[in-house]
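[1] Next come a sequence and a model predicted from it.
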Amino acid sequence: MIDSKPVYRLLNDAVKKYPENIAIDFFGNEISYVDLKSLVNRAAKGLRNIGVKKGVRVGILLPNCPQYIISYYAILRAGGVVVQLSPLLSEKELLHQINDSGAEILITTNLRICYEKIASITNGSSVNKVVVSKFSEYLPTLKSIGFQLLRRSSVMPMIKDGRQMHWSKLLVQDDDDEFEAEVINPEKDVAVLQYTGGTTGLPKAAMLTHANVYANTIQCVHWCYELEKGKERMLAVLPFFHVFAMTVVMNLSIEIGATIILHPKFVLLDVLKDIVKKRPTLMPGVPTMFNAINMHPKLSRFDLTSLKLCVSGGAPLLQDIKEKFEKKTGCVLIEGYGLTEAAPVVCFNPISGKQKDGSIGLPMPQTTVTIEDPSNPGTNLPIGEVGELCVKGPQVMKGYWNNSSETENVLNNGKLRTGDMAKIDKDGYLYIVDRLKEMIITGGFNVYPRNVEEAIQSHKSVKECAVVGVGDKHKGQLVKAYIVFEPGQEISKDVLKNFLKDKLSKYEIPQEIEIIEELPKTMIGKISKKDLIKKDS
């Protein structure tokens with residue numbers, strides 16, 4: 001059984017086991033586990049001094065940096081609830097999430113991408129205190145000076161409105177190891193409010209309890225049983241404000257005493273150089289990241305042999321991308337599956353066991369999955385039939401924040417209806433066919449975009465593609481494909497359709513094809529079908 005513990009126990013336990021291990025590498029500035037714990041204690045005291053107690057919501061609006069990790073654990077240690085906020089959101093989206101969550105305190109940075117939105121957000125919002133850190137605060141001395149001199153346009157001066165507080169003032173100066181963390185009921189107390197992607201309507205906040213987040217971290221550690229605790233190096237290119245990175249990058253690293261090599265964002269050349277220089281062993285990412293590495297014209301010049309395990313999530317991993325990456329790097333790339341409401345990991349492919357093409361693998365420990373008839377919830381379907389994937393396990397959320405009706409729609413006695421169409425084979429391996437909401441119905445036929453995308457992507461001239469349904473008064477919907485070709489390899493639409501004839505049913509072949517230079521991406525690099533659908537509406 002997986003114990004039910006407060007999330008901050010992950011750091012407590014790591015400090016006991018690996019006190020002198022390097023916890024964070026931020027552009028060469030290294031912070032040990034014992035020093036990280038000290039910074040967390042000081043920040044937790046400071047938060048308590050400005051009113052954080054059990055249940056108080058605190059927003060984190062930061063890219064990947066040491067301040068993020070310190071803030072996250074300090075908020076939880078002080079008894080607060082972490083509200084995950086993306087720097088890439090618009091002012092309107094941020095204001096909605098801040099007011100919806102009731103966040104009273106906001107922790108951010110002087111980077112323009114974050115701080116420029118602060119003035120309009122704090123006026124008329126639930127926020128009464130803003131803690132501002134200089135992004136350069138934890139950079140090595142020379143890089144900090146260089147950043148402040150050369151990147152002046154990317155930062156902003158602190159607003160003086162009585163609500164602003166500098167990060168250095170938050171950190172209480174005395175380091176008291178006896179600081180008492182808030183007493184937590186892991187099963188009931190919410191650790192994180194994580195907003196869903198909001199494919200339809202406004203995003204909803206999943207209430208992830210301490211037990212949910214802690215359990216999913218331990219589930220991931222059990223699954224990755226071959227990892228060497230205290231010896232791994234994690235390349236953190238996924239943003240921590242996304243639930244995938246929160247669990248599989250940050251919390252998993254802390255649990256196993258790994259060094260987290262921080263990257264504020266995914267920049268391909270910087271990532272390749274850091275793999276060569278800092279020799280990370282682990283790198284979770286999204287398919288577009290692994291595809292970008294595959295496509296680098298001078299990839300053979302970079303020694304990527306330190307990588308032993310890469311995990312892909314957030315979007316379907318096409319078999320072509322997986323095979324190319326493993327061949328070029330010698331690293332194992334496994335696909336997992338999860339969703340915000342499950343903290344997020346539900347399934348992983350085995351690391352050294354049997355992997356099956358197109359499968360998201362097997363359920364995590366203590367996780368039960370069923371395939372149910374979407375029109376008749378509770379009715380299980382036979383092996384091989386496509387239905388809605390339902391999940392039950394310790395990682396499944398408590399519900400949606402302030403949204404009981406939506407909670408009732410997706411949760412029944414702890415069982416989560418994912419909205420994903422899937423099937424299971426005789427060996428228990430799961431396959432996502434598509435999102436229930438993304439399924440296209442054209443002339444009475446069900447078309448699953450992923451199946452069409454796999455077929456299109458198999459053409460050597462195609463770099464990326466996305467398939468969506470567009471309205472049609474005769475057929476209800478038409479299948480439309482957006483395609484990005486490899487440089488200098490564009491082919492005609494008729495040639496592509498002819499290529500698909502023996503790979504897809506007639507009704508699955510896209511009736512419309514639009515060739516574009518670049519597909520829109522979400523904050524973590526997933527292809528944004530929502531933006532493509534808006535483009536056509």
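    Cool, the structure landed.
[2] Could you use CA atoms for every contact and neighbour count after this?
    OK.
[3] Tell me, domain by domain, which residues of the protein belong where.
    Following automatic domain parsing, the chain resolves into domains at 9-190, 440-536.
[4] centre of the chain versus the first one, how much separation?
    A distance of 19 Å separates the C-alpha centroid of domain 9-190 from that of its chain, computed with C-alpha atoms, centre = their mean, to the nearest Å.
[5] from the domains of the chain, which stretch is densest packed?
    domain 9-190 (a mean of 19; mean count of other C-alpha atoms under 10 Å).
[6] Give me the mean pLDDT for that domain.
    For domain 9-190, mean pLDDT rounds to 93.
[7] Ends of it, what's the gap?
    Using C-alpha to C-alpha, to the nearest Å, one end of domain 9-190 lies 15 Å from the other.
[8] between the domains of the chain, which one is nearest to Asp320?
    Smallest distance to Asp320 across those (C-alpha to C-alpha): 6.9 Å, for domain 440-536.
[9] End to end on the closest one, go ahead and measure it.
    With C-alpha to C-alpha applied, domain 440-536 spans 15 Å between its terminal residues.
[10] Let's test this: mean pLDDT of that domain, rounded?
    89.
[11] where do the helices sit along the stretch 251-400 of the chain?
    For the stretch 251-400 of the chain, the helices defined by DSSP state H, counting those that start in this stretch occupy 252-256, 268-278, 287-295, 319-329.
[12] residues contacting Leu208?
    If a contact means C-alpha atoms under 8 Å, 6 or more residues apart in numbering, then Leu208 has Val190, Ala191, Val192, Leu193, Gln194, Glu341, Ala343, Val396, Met397, Lys398, Gly399 as its contacts.
[13] Dihedrals phi and psi, the third one?
    Spelled out, it's Val192. With angles defined as degrees, to the nearest 10, Val192 sits at phi -140, psi 140.
[14] and the closest residue to it other than its chain neighbours, helix, strand or coil?
    Leaving out its chain neighbours, the residue that sits closest to Val192 by C-alpha to C-alpha, 6 or more residues apart in numbering is Val82, at 4.7 Å. Here Val82 is strand, with the state taken from DSSP: H, G, I helix; E, B strand; the rest coil.
[15] Tell me the bridge partners for Val82.
    On the basis of DSSP bridges, Val82 takes part in beta bridges with Val58, Val192.
[16] So which of the domains of the chain is nearest Ser405?
    Comparison of the domains of the chain against Ser405 by C-alpha to C-alpha identifies domain 9-190 as nearest, at 15.7 Å.
[17] Give me whichever of the helices of the stretch 251-400 of the chain is most buried.
    Using mean count of other C-alpha under 10 Å, the stretch among the helices of the stretch 251-400 of the chain with the largest mean neighbour count is helix 252-256, at a mean of 24.
[18] what pLDDT, on average, does that helix get?
    pLDDT averaged over helix 252-256 gives 98.
[19] chain center to it: distance?
    The chain centre lies 16 Å from the centre of helix 252-256; the measure is C-alpha atoms, centre = their mean.
[20] quick one: the helices in the stretch 401-537 of the chain?
    Secondary structure of the stretch 401-537 of the chain (DSSP H, counting those that start in this stretch): helices at 404-410, 449-457, 493-500, 529-536.
[21] Mind putting these into CSV with distance to Lys204?
    Shown next, in CSV, are those (distance: least, C-alpha to C-alpha, whole Å):
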stretch, distance to Lys204
helix 404-410, 9
helix 449-457, 25
helix 493-500, 38
helix 529-536, 16
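[22] and of the domains of the chain, who's closest to Ile254?
    Closest among the domains of the chain, once you apply C-alpha to C-alpha, is domain 9-190, at 6.1 Å.
[23] rewinding a little: select, out of the domains of the chain, the one closest to Leu362.
    Evaluated with C-alpha to C-alpha, those place domain 440-536 nearest to Leu362, the distance being 19.6 Å.
[24] The closest one: how far from the chain's middle?
    Centroid separation between domain 440-536 and its chain, computed with C-alpha atoms, centre = their mean, is 25 Å.
[25] So the residue nearest the centre of the chain versus Glu438, what's the distance?
    For the chain, the residue nearest the mean C-alpha position is Phe244 (3.1 Å; C-alpha atoms, centre = their mean). Distance, Phe244 to Glu438, using C-alpha to C-alpha: 21 Å.
[26] just Arg301 next, same as before
    Here the criterion is C-alpha to C-alpha. By it, Arg301 lies 40 Å from Glu438.
[27] quick one on the thing from earlier: now tabulate the contacts of Leu208 in JSON lines and tack on distance to Leu416.
    Listed next are these as JSON lines, based on distance: C-alpha to C-alpha, whole Å:
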{"residue": "Val190", "distance to Leu416": "18"}
{"residue": "Ala191", "distance to Leu416": "19"}
{"residue": "Val192", "distance to Leu416": "18"}
{"residue": "Leu193", "distance to Leu416": "17"}
{"residue": "Gln194", "distance to Leu416": "16"}
{"residue": "Glu341", "distance to Leu416": "8"}
{"residue": "Ala343", "distance to Leu416": "12"}
{"residue": "Val396", "distance to Leu416": "7"}
{"residue": "Met397", "distance to Leu416": "8"}
{"residue": "Lys398", "distance to Leu416": "10"}
{"residue": "Gly399", "distance to Leu416": "10"}
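[28] Right, I'll leave it there.
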